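# sharing a model prediction with you, sequence too.
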Amino acid sequence: MRPPVELHRLISAAMRSSDLAAQLRSNPDEVYVTWQVPEWQRELLSGDLWSAMEQIGVHPNLRFKFLALRGQLQLKSVSVAPFLDSLKARH
């Protein structure tokens, strides 16, 4: 399968442009057409974004960026305190 070049370019550009990022949040379908994202990919992107990213073959790093741009990235807050405490206990 060919890499999703158009979508990769769009994500990279949206990371550098707050205007494009805002457009991607408010009217993603219009942005996809403008950036020539293939129709089959646009159809997948209209559903579950996590699943669509996997099916389209978006690079993992760009998946996180895209989901964050679309407001869909939900990561749990993680503390490094337990790790640091374990290091202290060993020394």
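Right, received. Where do you want to start?
# what sits against P60?
Contact partners of P60, counting by C-beta atoms under 8 Å, 6 or more residues apart in numbering, are absent. Where you see a C-beta, it was placed from the backbone N, CA and C, and this is true even at glycine.
# likewise for Y32?
10, 41-42, 45.
# and these, which of them are in helices?
10, 41-42, 45 (DSSP state H).
# just give the closest residue to the residue most central in space within the chain, not the sequence neighbours.
Among the residues of the chain, the one closest to the centroid is F66, at 2.0 Å (C-alpha atoms, centre = their mean). Using C-beta to C-beta, 6 or more residues apart in numbering and skipping residues adjacent in sequence, the residue nearest F66 is I11, 4.8 Å away.
# again with V37
Per C-beta to C-beta, 6+ apart, closest to V37 is E6, 4.9 Å.
# which residues does that neighbour contact?
Per C-beta under 8 Å, 6+ apart, neighbours of E6: 35-38, 41.
# any low-confidence regions in the chain?
By pLDDT under 70, the low-scoring segments of the chain are 75-79, 91.
# now the helices for it?
For the chain, applying DSSP H gives helices covering 5-16, 18-26, 28-34, 39-45, 49-56, 60-69, 81-90.
# tally of neighbours for the residue nearest to F66?
25 (other C-beta atoms under 10 Å).
# how near is it to K88?
40 Å (C-beta to C-beta, to the nearest Å).
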